[in-house]
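Visitor: Prediction below, plus the sequence it came from.
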Amino acid sequence: MYTKLFYKLIFISGKLFSLLGPLGMKFDPSSKKFVGTAKLRKLQLYGCLSLTLQMLIACWGTHQVYTKYPGGLYNPVFHICFAFSFIMVIVCFPLWLLYFKQEELKNGMNRAIKYSVQFQGASSFVSITEIVAVAVET
């Protein structure tokens, strides 16, 4: 069911997301668990703070377009600024939730990996090579 590179793929994807900032934990292939470090939590905090700053700048720019430019609500630039501000707000709150609930997420991911690997042994699926072998014989 899983490839032999399952843990390596999780390690690489976790490394990528932890370096970019939204994930404050990494996957340890030797223990096969997600672990959190202070450095990754700091990177995650910097990512959350920078995204919050960008959200505030986008909202302030939307307010400036609404109040300073003619047309206000009917100005097409306002609609574009509002869309970007709305997207920033939508992205910002789950990222902060991820920051504050990191321990629960880490425990849940460790449990999911532990239980999913238990089910990989007994697979009731038929592989494509078995289907082709049967088709060639007939």
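Guide: Received the coordinates, thanks. Remember, predicted model here, so these are calculated numbers, not experimental data.
Visitor: What is the longest helix of the chain by residue count?
Guide: helix 38-68 (DSSP state H).
Visitor: after it comes which helix or strand?
Guide: Scanning forward in sequence from helix 38-68 by DSSP states H and E, the next helix or strand is helix 76-100.
Visitor: Packing partners of whichever helix or strand comes after that following helix?
Guide: Following helix 76-100 in sequence order, the next helix or strand is helix 102-118 (DSSP H and E). Under the contact definition 3 or more CB pairs under 8 Å, 6 or more residues apart in numbering; DSSP states H and E, helix 102-118 sits against strand 25-28, strand 33-36. All C-beta atoms are positioned from the backbone trio N, CA, C, and that covers glycine.
Visitor: Identify each buried residue in the first one, please.
Guide: Of the residues in strand 25-28, 25-27 count as buried by neighbour count, 16 or more other CB atoms under 10 Å.
Visitor: Quick check: mean pLDDT of that strand?
Guide: What strand 25-28 shows for mean pLDDT is 83.
Visitor: ok so, going back, name the nearest of the buried residues of strand 25-28 relative to Cys92.
Guide: Distance to Cys92 across these (CB to CB) is lowest for Met25, with 20.1 Å.
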